[in-house]
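Undergrad: build me a model:
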Amino acid sequence: MESKDKNKLALVVQTLFGAILAIKGFDGFINFLPQAESTTVGAGFIQAMQDTGYLYFLVKGTEVLCGSLLVMNIFVPLTLIVLAPVVINIVLFEVFLNFTFASMLLPMLVVACELYLFWHYKNLFTWLLKYQVHIDLNSYESPDVIILNEVREKNPETYEKIKNIKGINEVITH
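TA: So this is what the prediction gives:
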């Protein structure tokens, strides 16, 4: 698949994902969609979230905001990070508190969208997932640069061994 086609597919997935979240989030505020059957445990959990006075509306507000950002193509990588725990909770709620095979269709679609978009934007997340060793906790410099420079200057043989470690080149080049 060409890069142009991948970008179009990502935009379609992103728009679908955002629309699902925004619509379901708005539904939490004004109840315009037909309500699905729920188990007593699932209904009790939702009622408990509503009874807190803020948690239910925080979750639904996050869905509306992040869904809107995805549809408008604004701050997409940040939005995906914010949505990760929301998506995990949607799936865990359906699996443990409200399980029926029909109720799992939408959560699985949401997970598929989230995972595809994480994969599509994976290059933007490498800095977040990069292993770092800090020698001086008060230093603002990148720790891997400090360590590699010191090792290269003091012990070139060790530096060559470090460079040959599987996966380390990805850390060095990023």
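Undergrad: my guess is Thr15 contacts Leu70, does it?
TA: Yes: the criterion here is Cβ atoms under 8 Å, and Thr15 meets it with Leu70 at 7.1 Å. Glycine gets a C-beta too; all of them are placed from N, C-alpha and C.
Undergrad: who has more neighbours, the two?
TA: More crowded of Thr15 and Leu70, by other Cβ atoms under 10 Å: Leu70, with 27 against 16.
Undergrad: what's the more buried one in contact with, if anything?
TA: Residues in contact with Leu70 (Cβ atoms under 8 Å, 6 or more residues apart in numbering) are 14-15, 17-18, 21, 76, 79.
Undergrad: what about the spatially closest residue to it that is not a sequence neighbour, how many residues nearby?
TA: Leaving out its chain neighbours, the residue that sits closest to Leu70 by Cβ to Cβ, 6 or more residues apart in numbering is Gly18, at 2.9 Å. Close neighbours of Gly18, defined as other Cβ under 10 Å, add up to 24.
Undergrad: use 29 as the first number from now on
TA: Sure, I'll start numbering at 29, so the last one becomes Gly46.
Undergrad: any idea which element Gly46 lies in?
TA: helix 31-58 (DSSP states H and E).
Undergrad: check the offset of that helix from the chain's centre.
TA: Taking Cα atoms, centre = their mean, to the nearest Å, the mean C-alpha location of helix 31-58 is offset from the chain mean by 14 Å.
Undergrad: could you pull up the mean pLDDT of that helix?
TA: On average, the pLDDT along helix 31-58 is 93.
Undergrad: lowest-confidence helix or strand of this structure?
TA: helix 196-201 (a mean of 56; mean pLDDT, DSSP states H and E).
Undergrad: related to what we said a few turns ago, quick one, what contacts the residue nearest to Leu98?
TA: Neighbour list for Gly46: 94-100 [criterion: Cβ under 8 Å, 6+ apart].
Undergrad: helices of the protein, residue ranges please.
TA: For the chain, applying DSSP state H gives helices covering 31-58, 68-79, 83-99, 104-124, 133-148, 154-157, 171-182, 184-191, 196-201.
Undergrad: quick one, phi psi at the nearest residue to Asp55 once chain neighbours are set aside?
TA: In space, Asp55 comes closest to Leu61 once its chain neighbours are excluded; the distance is 4.6 Å by Cβ to Cβ, 6+ apart. Backbone torsions of Leu61, given as degrees, to the nearest 10, read phi -90, psi 150.
Undergrad: appreciated, that's everything.
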